[in-house]
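Novice: For reference, the sequence and a predicted model appear below.
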Amino acid sequence: MPSLQAFFAGRLAPWLALPLGATLSLAFAPFEWAPLAVGCLAYLFCAWQYATPRQAARFGFRFTAGIFLAGTYWLYNTIHEVGHAAAWIAVFLMVAMVAIIGGYCWLLGYGIGRWLRPGAVTTGAGQVSLPFQLLVLPAAWTALEWFRGWFLSGFPWFALGYSQTDTPLAGFAPVGGVYTISLLVAISAGAVVTLVCGTLRQRIVAAAAMAVLWGSGALLWQQSWSQPVGRPLTAAIVQGAIPQDVKWSPEYRDSTLQTYRDLTLPQLGRDILLWPESALPDFPSELHDYFSQLWSEARAKDSTLITGQLHVGRDLDDIRNGLLVLDREARQAQWYDKRRLVPFGEFFPVPDVVRQWMRLQSLPFTDIMPGAPHQPALSAAGQKIGATICYEDAYGAEQLAVLRDATLLVNVTNDAWFGDTTAAAQHLQISRMRAMEARRPLLRAANDGISAIIDAHGDVAKTLPRFKPGVLTGSVQPRTGLTPYARVGNWPVISFCFLVLLAAGVAAVRRARR
């Protein structure tokens with residue numbers, strides 16, 4: 001379509017990519033306008049159909065920058081308002097992150113325009129390339145999401161699959177995980193481009209593809225994929241709502257201890273008592289009497305206490321962000337140590353001279369040590385729990401090994417770092433996806449919210465109001481059995497994507513030799 005070629009070659013179209021990327025962020029929690037994920041991505045795919053390589057690169061960068069500028073605006077609040085770093089530092093770190101992630105999509109756009117796009121896709125009105133829109137572009141986008149989810153520690157936030165937790169595509173979560181859903185969202189975006197720009201025959205194929213994908217998701221949603229094991233467990237999730245700016249102040253230490261004790265004692269007798277990440281502002285060695293007494297009282301009432309807690313490992317420099325389990329049947333405490341640490345929050349990949357500067361700026365600079373890559377499920381209330389701390393539940397594939405034993409998932413977090421922003425809701429949506437993929441219930445304790453009980457289908461059964469101390473009570477049914485995704489992880493969908501890209505590359509080489 002010459003008119004579309006002229007539009008995407010003009011000056012306005014690349015700049016529209018920025019606000020449309022920002023609009024796509026509304027597809028995620030707390031707004032959850034899921035169709036925007038398909039519609040906004042369709043604009044980018046249409047641009048990549050018609051733009052030159054350099055134009056395609058600019059489209060990719062601005063679109064991705066829009067997503068993360070709008071979607072992770074809360075980084076400024078985390079770094080400046082809560083972390084008390086200078087405003088310019090907060091802006092610099094935020095812009096740097098957006099630039100890096102946008103740079104990935106700049107390279108992807110250029111590569112698509114230069115090598116992967118078919119040569120004669122715009123000859124005549126109403127012409128698009130079905131393989132390009134329904135296979136190549138979706139595969140490229142999904143592969144990029146997977147790549148940025150682990151490269152340089154990774155940032156898996158805003159994978160498109162998370163935007164579909166309440167649509168029929170969520171039925172694919174236990175089959176192929178969040179990246180499979182991302183692929184299907186991207187295929188749907190390519191189908192939308194085809195419905196707008198394609199021939200009648202192409203439109204029929206695109207409509208049929210969407211009907212099959214979305215209809216299959218609805219059918220898959222009805223499958224159980226796992227089986228109940230044992231009796232339902234009663235749980236009490238304690239939300240202390242300790243403000244982050246006073247959490248570690250010595251003068252608030254005793255009142256924090258009292259808050260958690262007062263909220264917990266009336267719940268003794270429930271199977272699981274769950275506290276959030278680093279709930280108490282001290283090390284267990286300094287809280288021995290406190291924990292001993294509480295554990296004794298919990299055991300007398302047949303309760304298990306689980307709490308996030310900083311602790312010291314092998315030496316004084318070995319500080320861990322851990323999850324402590326004081327099981328009613330165990331003779332000694334069990335620990336899970338956080339594996340995925342937050343860059344510039346829990347570890348600082350900078351030279352000593354920068355650490356000295358951070359010290360002078362009153363910024364945190366001490367490294368927390370990561371836990372072992374492979375840690376077993378923990379015994380709790382007669383079941384096995386798969387634990388995650390804070391944002392490491394965004395790394396779904398790293399939790400698959402523990403599902404062979406775990407019958408219940410637990411996430412403890414301190415989203416007080418985000419303040420009153422959309423980040424806490426985005427994080428809850430990620431937790432929901434983990435429950436969907438594993439078909440396990442999930443207990444989630446957050447210092448100031450969003451504490452939640454999530455069932456095995458990823459539906460939120462109960463939550464507590466944010467920023468208020470309270471206790472969330474309910475029951476969960478432990479489950480066993482491995483979903484297809486729990487058995488094989490991301491490799492099928494990622495292998496498919498790379499095979500598609502390889503085939504597109506081979507086709508491009510053959511065209512170039514003609």
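Specialist: Received the coordinates, thanks. Numbers count the residues shown, from 1 in each chain.

Novice: gap between the spatially closest residue to residue 265 that is not a sequence neighbour and residue 437?
Specialist: Closest residue in space to residue 265, ignoring its immediate chain neighbours: residue 297 at 7.3 Å, by CB to CB, 6 or more residues apart in numbering. Every C-beta, even on glycine, is put in place using the N, C-alpha and C of the backbone. Separation of residue 297 from residue 437 (CB to CB, to the nearest Å) stands at 36 Å.

Novice: These two: which has the busier surroundings?
Specialist: Set side by side, residue 297 and residue 437 give different neighbour counts by other CB atoms under 10 Å, the larger being at residue 437 (30 against 15).

Novice: Check the secondary structure at residue 323 for me.
Specialist: Under DSSP: H, G, I helix; E, B strand; the rest coil, the three-state class of residue 323 is strand.

Novice: from memory it sits against residue 309, does it?
Specialist: Yes - at 7.4 Å, residue 323 counts as touching residue 309 under the criterion of CB atoms under 8 Å.

Novice: Between those two, which has more neighbouring residues?
Specialist: Applying other CB under 10 Å to residue 323 and residue 309 shows that residue 323 carries more neighbours, namely 28 against 23.

Novice: Does the nearest residue to that one once chain neighbours are set aside lie in a helix or a strand, and which?
Specialist: Once flanking residues are discounted, residue 323 sits nearest to residue 336: 4.2 Å by CB to CB, 6+ apart. According to DSSP states H and E, residue 336 maps onto strand 334-337.

Novice: do the same with residue 105
Specialist: helix 87-111.

Novice: elements contacting the helix or strand that that helix is followed by?
Specialist: Next along the chain after helix 87-111, taking DSSP H and E as the criterion, comes helix 130-131. Here helix 130-131 touches helix 200-220, going by 3 or more CB pairs under 8 Å, 6 or more residues apart in numbering; DSSP states H and E.

Novice: And the helix it packs on, how far out from the chain middle?
Specialist: Offset of helix 200-220 from its chain centre (CA atoms, centre = their mean, to the nearest Å): 27 Å.

Novice: so after it, what's the next helix or strand?
Specialist: strand 227-228.

Novice: my guess is the residue nearest to residue 323 meets residue 322, correct?
Specialist: Yes - Residue 336 lies in contact with residue 322 (CB under 8 Å); the separation is 6.4 Å.

Novice: joint contacts of those two?
Specialist: 371, 389 (CB atoms under 8 Å, 6 or more residues apart in numbering).

Novice: Wait, a strand at residue 457?
Specialist: No - under three-state DSSP, residue 457 falls outside any strand and is assigned coil.

Novice: From residue 30, how far out is it?
Specialist: Taking CB to CB, one finds residue 457 at 20 Å from residue 30.

Novice: Look at these two and report which has more neighbours.
Specialist: residue 457 (17 against 14).

Novice: and the closest residue to that one other than its chain neighbours, what element?
Specialist: Using CB to CB, 6+ apart and skipping residues adjacent in sequence, the residue nearest residue 457 is residue 436, 6.6 Å away. Per DSSP H and E: residue 436 is located in helix 423-438.

Novice: Spatially central residue for the protein, please.
Specialist: Centroid-nearest residue in the chain: residue 394, 3.4 Å away (criterion: CA atoms, centre = their mean).

Novice: following the lowest-mean-pLDDT helix or strand in the chain, which helix or strand comes up?
Specialist: Ranked by mean pLDDT, DSSP states H and E, the weakest helix or strand in the chain is helix 352-360, scoring a mean of 50. The first helix or strand that comes after helix 352-360 along the chain, using DSSP H and E, is strand 378-380.

Novice: Not counting that following strand itself, show me its contacts.
Specialist: So strand 378-380 is contacted by 272, 304, 306, 323, 325, 327, 329-330, 334, 336, 384-385, 387, 408, 410 (CB under 8 Å, 6+ apart).

Novice: Might you list the low-confidence residue ranges for the protein?
Specialist: Applying pLDDT under 70 to the chain flags residues 1-2, 83, 119-127, 316, 344-345, 347-366.
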